[in-house]
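> Here is a sequence together with a model predicted from it:
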Amino acid sequence: SQTIHQWPATLVQPVGSPLSLECTVEGTSNPNLYWYRQAAGRGLQLLFYSVGIGQISSEVPQNLSASRPQDRQFILSSKKLLLSDSGFYLCAWTPAAKNIQYFGAGTRLSVL
Amino acid sequence: DAKTTQPPSMDCAEGRAANLPCNHSTISGNEYVYWYRQIHSQGPQYIIHGLKNNETNEMASLIITEDRKSSTLILPHATLRDTAVYYCIVRVDRGTGANNLFFGTGTRLTVIP
């Protein structure tokens, strides 16, 4: 069966520090991958999505970047975190040609 | 993708059916209705989806009106573990390419003992 792993679960970082969040999917190949952010009490905001290795689409301009070095690995990064980067970050995947998204457990990031 | 409107919150007694409404009056003919839920501090979980026929699975039932401008998610016997935010999403079922979903603020369902 397919599973999605996202880590770490919780992260506290100082302003100006770098960020790297990792997401991996097991049990499938060629998935579409997504990064979302959820601010407290708000809906989900799509940040990036990828339909293949090295293919990244950005939905909103921001302080973050994403990379997909391997088929089932999706990384969210920042060179210098801002206070406004705090939030709940979620990775998700869909099978190619399918529309149901499966989410990871999320990373709660606090930038202080 | 069509916009959806949901009530911000609802309560339901444990063991009773929870009926969560969603309005999507601008839905187009090739757009599906999806429901997800998010339990506090967890990732969203897929529940059910449909195009125009009513659907049922082990989690819930989805009732779509004949004009497709609204739908209702039914949890037949709500339990305390069903307390969550429920999201109704309308979008085209694309066969290829990215299938990004747009989540609004949803309905916060509280199941009361």
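Looks like it came in fine. Numbering: from 1, shown residues only, chains lettered A, B, ... in the order given.
> in the sheet, who's paired with B:Cys22?
Listed by DSSP bridges, the beta-bridge partners for B:Cys22 are B:Ser71.
> Could you verify my assumption that it touches B:Met10?
No. In this structure B:Cys22 lies outside contact range of B:Met10 using C-beta atoms under 8 Å: 11.8 Å. The way it works is simple: take the backbone N, C-alpha and C, and place the C-beta from them, glycine included.
> between these two, which one's more packed in?
Between B:Cys22 and B:Met10, counting by other C-beta atoms under 10 Å in any protein chain shown, B:Cys22 is the more crowded of the two (24 against 16).
> and that one, how far is that from B:Pro8?
Between B:Cys22 and B:Pro8 the distance, using C-beta to C-beta, to the nearest Å, works out to 13 Å.
> again with B:Lys69
B:Lys69 is 20 Å from B:Pro8, by C-beta to C-beta.
> of the two, who's got more company?
Set B:Lys69 next to B:Pro8 and count neighbours by other C-beta under 10 Å: B:Lys69 wins out with 13 against 9.
> and the residue nearest to that one when sequence neighbours are not counted, how many residues sit next to it?
Nearest non-adjacent residue to B:Lys69, counting by C-beta to C-beta, 6 or more residues apart in numbering or on different chains: B:Ser25, 4.5 Å away. B:Ser25 has 12 neighbouring residues, counting by other C-beta under 10 Å.
> Could you pull up the residues touching residue 78?
No chain specified, so I'll use chain A. A:Pro18, A:Leu19, A:Asn63, A:Leu64, A:Ser65, A:Asp85 (C-beta atoms under 8 Å, 6 or more residues apart in numbering or on different chains).
> Sorry, I should have been clearer: chain B.
Contact analysis of B:Ala78 by C-beta under 8 Å, 6+ apart lists B:Cys12, B:Ala13, B:Glu14, B:Gly15, B:Arg16, B:Ala17, B:Ala18, B:Leu109, B:Val111.
> sec struct for it, please.
Secondary structure, DSSP: H, G, I helix; E, B strand; the rest coil: B:Ala78 is coil.
> Contact residues of chain A facing chain B?
Applying C-beta under 8 Å from any C-beta of the partner chain, one finds that chain A approaches chain B through A:6, A:32, A:34, A:36, A:41-44, A:46, A:49-51, A:57, A:59, A:88, A:90, A:92, A:94, A:96-106, A:108.
> Report the separation between the residue in chain A that chain B sits nearest to and A:Leu76.
The nearest approach of chain A to chain B comes at A:Phe103, 3.2 Å away (C-beta to the nearest C-beta). From A:Phe103 across to A:Leu76, the span is 14 Å (C-beta to C-beta).
> and if you look at B:Val111?
B:Val111 is 34 Å from A:Leu76, by C-beta to C-beta.
> where along chain B do the helices fall?
Assigned by DSSP state H, chain B shows no helices.
> which stretch of helix or strand covers the residue nearest the centre of chain A?
When C-alpha atoms, centre = their mean is applied to chain A, the residue found nearest the centroid is A:Trp35 (3.2 Å). For A:Trp35, the host element (DSSP states H and E) is strand A:32-38.
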